[in-house]
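Asks: After the sequence you'll find the predicted model.
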Amino acid sequence: MQTSVLIVGQGLCGTWLSFWLQQMGIDCIVIDEERPNTSTRVASGVINPVTGRRMTRTWMADEVIPFAAKAYEELGRVLRTKYEGRGTNEGRGQGQEQEQGRGQEGSLNKNDVFPANHQPATIQLIQRCDIIDFFNSPDRRKDFEEKAKQYAAEYLQWPQDEAAMQQHFRYELGYGFIAPAYQVDLQTMLDGWRQYLLQQQQLLAQRFDASQLQLLPNGVQYQDIRADKIVFADGIAAHAAGFFQLLPFALNKGEALILQIEGLPNNHIYKKGNSLTPWRGGYFWAGSTYNNHYTNDQPSEAFRQQMEAWLQSVLKHPFSVLDHVAAIRPATVERRPFAGWHPQHPQVGILNGTGTKGVTLAPYFAQQLAANIAQQTSLLPVVDVARFARVLSRS
Ligand SMILES: Cc1cc2nc3c(=O)[nH]c(=O)nc-3n(C[C@H](O)[C@H](O)[C@H](O)COP(=O)(O)OP(=O)(O)OC[C@H]3O[C@@H](n4cnc5c(N)ncnc54)[C@H](O)[C@@H]3O)c2cc1C
């Protein structure tokens, strides 16, 4: 079998790279072993223009956020078109509909991505979901006030009535809006694109075994696949072994609870130290931690206790815990992604290191790498792994 690009991994990075390659007319095959606790499967799917304790504007926000918003819509449309006649899910509502039934009709089981009797215009992967940022302390409120006047002004707004959330949350210092923010239904995206690739015979649902990879002068051979290039989009696996192991990763673990909360509107993301994010099926995702000193990738009792205590202290509605998930984020020391080609093996590439911002960054930089493959356009130097040529030459 012959292909242009072999991609290892179908998380956010592998999904977007294979999507853009396909849009550019470049054929590819993806190898992915489906695992329940990958970073993309566990993520809340938020695109947030202002993050962190210091309310810093997301890196390249003005460029990458509008790009991502359009890209997820485009992927939803492509998934819809590919399955025209077969029926698809109805996606999730907008505006008022979104408040009422968000995720319920459109939420899908893994094996039921395209049920047989609906034909909507698109599969809605992304929707506007602004953040209500409850101030934890007077200092946080002051920061918000200052930042709202300064550079982040376009992303920080005041509500008309700061008491409006009193029926849902306990808070004393008011809140502001971070907007526009978005939420992406990553489960539907992963499952939909996986199903599409499988039907196109472009996905090998198996573990990639590095011992079977052979580097050829102008390409690679893997089992019976001959490819011009291979790109590793294998998340944290790249840190454990392989061509890019020496890159400065700084992995960290995150956990979340999946909750049923009666009476809480699901048209906003709520933040008060931790976050509550609407989740498919009408549920909520509550998280998270950024733990650099983890000993395993499993959900921990300590997190569950801490999160339940937090929920009890802030939430005025009863909740029940349906699931508890954990994954390791493929973060980097510089907080910038890794894209590009190995200095000694130009047929071997990487797309990785999206850290806490994969939902925002993966569409943009996957498109850049795809264009680099299709049209030899250059990569942004700050993400290009050429910057680590010396380190990588040691491997
Ligand atoms: C708790 C938590 C919350 C998060 N919330 C957000 C958020 O709200 N917004 C945001 O932007 N980001 C968020 N992130 C970060 C985001 O999830 C990551 O940036 C992104 O998912 C990384 O995608 P990836 O494709 O690089 O890796 P992954 O999602 O890990 O994908 C790698 C894929 O490669 C496959 N693979 C690996 N090795 C092999 C092999 N040998 N053979 C075959 N397949 C293999 C894996 O099975 C997997 O499918 C969150 C992360 C966590 C953990």
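Replies: Now that the structure is in, tell me what you want to look at.
Asks: Next, the contact list for the residue of the stretch 101-250 of the chain found nearest the ligand, please.
Replies: Using C-beta to the nearest ligand atom, Gly235 is the residue of the stretch 101-250 of the chain that sits closest to the ligand, at 2.5 Å. Yep, even glycine has a C-beta here, placed from its N, CA and C like the rest. Gly235 makes contact with Gly9, Gly11, Cys13, Thr38, Ser39, Thr40, Pro330, Asn352, according to C-beta atoms under 8 Å, 6 or more residues apart in numbering.
Asks: Out of these, which are close to the ligand?
Replies: The residues of the contacts of Gly235 that also fall near the ligand, by C-beta under 6 Å from any ligand atom, are Gly9, Gly11, Cys13, Thr38, Ser39, Thr40, Pro330, Asn352.
Asks: Please tell me how far the fourth one sits from Arg304.
Replies: Counting by C-beta to C-beta, to the nearest Å, the separation of Thr38 from Arg304 is 21 Å.
Asks: Which one of those two is surrounded by more residues?
Replies: Taking other C-beta atoms under 10 Å, Thr38 and Arg304 do not tie; Thr38 has more neighbours (24 against 14).
Asks: these two touch, right, that one and Gly11?
Replies: Yes: counting by C-beta atoms under 8 Å, Gly11 is a contact partner of Thr38 at 5.4 Å.
Asks: Can you tell me which residues in the stretch 1-150 of the chain are near the ligand?
Replies: Proximity of the stretch 1-150 of the chain to the ligand (C-beta under 6 Å from any ligand atom) is limited to residues 8-14, 31-33, 35, 38-40, 42-46.
Asks: Recalculate using a threshold of 8 Å.
Replies: Residues of the stretch 1-150 of the chain lying near the ligand by C-beta under 8 Å from any ligand atom: 8-15, 31-35, 38-48.
Asks: ok, of those residues, which come out buried?
Replies: 8-15, 31-32, 38-48 (16 or more other C-beta atoms under 10 Å).
Asks: how near is the closest residue to Pro318 other than its chain neighbours to the ligand?
Replies: Leaving aside its chain neighbours, Pro318 sits nearest to Glu262 (6.1 Å; criterion: C-beta to C-beta, 6 or more residues apart in numbering). Plainly put, Glu262 is 24 Å away from the ligand if you go by C-beta to the nearest ligand atom, to the nearest Å.
Asks: Number the residues from 31 up from this point.
Replies: Happy to do that; since the first residue is 31 now, the last one works out to Glu292.
Asks: Let's see the pLDDT reported for Glu292.
Replies: pLDDT for Glu292: 93.
Asks: Now it: phi and psi?
Replies: Note on Glu292: backbone dihedrals following degrees, to the nearest 10 are phi -70, psi 130.
Asks: And it, how close does it get to Phe199?
Replies: Distance of Glu292 to Phe199, computed by C-beta to C-beta: 15 Å.
Asks: what about Tyr320, how many neighbours?
Replies: A count of neighbours around Tyr320, defined by other C-beta under 10 Å, yields 12.
Asks: Also Ser167?
Replies: When neighbours are counted by other C-beta under 10 Å, Ser167 registers 10.
Asks: hang on, the earlier thing: who are the contact partners of the residue nearest to Pro348?
Replies: Shown in contact with Glu292 (C-beta under 8 Å, 6+ apart): His347, Pro348, Phe349.
Asks: Write out the residues of the stretch 181-330 of the chain neighbouring the ligand.
Replies: Checking the stretch 181-330 of the chain against the ligand by C-beta under 8 Å from any ligand atom, the hits are 214, 216, 220, 236-240, 263-267, 283-286, 307, 317-319.
Asks: Sort out for me which of these are in strands.
Replies: Val214, Lys283, Gly284, Glu285, Ala286, Thr307, Gly317 (DSSP state E).
Asks: Name the member of those that has the highest neighbour count.
Replies: Val214 (28 neighbours).
Asks: Bridge partners for that residue, pull those for me.
Replies: Bridge pairing for Val214 (DSSP bridges) gives the partners Ile156.
Asks: just checking, it touches Glu103?
Replies: No: taking contacts as C-beta under 8 Å, Val214 lies outside contact range of Glu103: 10.4 Å.
Asks: list residues touching both of these two?
Replies: By C-beta under 8 Å, 6+ apart, Val214 and Glu103 have these common neighbours: Leu155, Ile156.
Asks: mind checking the SS state of the closest residue to Arg237 other than its chain neighbours?
Replies: Distances taken as C-beta to C-beta, 6+ apart place Glu63 nearest to Arg237, at 4.3 Å, with adjacent residues excluded. What DSSP: H, G, I helix; E, B strand; the rest coil gives for Glu63 is coil.
Asks: Please read off the pLDDT at Glu63 from the model.
Replies: Turning to Glu63, the model gives it a pLDDT of 97.
Asks: For Asp215, give its distance to Trp309.
Replies: Per C-beta to C-beta, Asp215 is found 9 Å from Trp309.
Asks: whoops, I mixed them up, Gln253
Replies: Distance, Gln253 to Trp309, using C-beta to C-beta: 38 Å.
Asks: okay, the two: which has more neighbours?
Replies: The neighbour count for Gln253 versus Trp309, taken as other C-beta under 10 Å, is higher for Trp309 (25 against 14).
Asks: Spatially nearest residue to that one (excluding sequence neighbours)?
Replies: Leaving aside its chain neighbours, Trp309 sits nearest to Trp315 (4.3 Å; criterion: C-beta to C-beta, 6+ apart).
Asks: Double-check that that neighbour belongs to a strand.
Replies: Yes: counting by three-state DSSP, Trp315 is found in a strand.
Asks: Please, where are all the helices along the stretch 181-330 of the chain?
Replies: 216-229, 267-270 (DSSP state H, counting those that start in this stretch).
Asks: export the ones you listed to JSON lines and tack on mean neighbour count?
Replies: Listed next are those as JSON lines, based on neighbours: other C-beta atoms under 10 Å:
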{"stretch": "helix 216-229", "mean neighbour count": "21"}
{"stretch": "helix 267-270", "mean neighbour count": "19"}
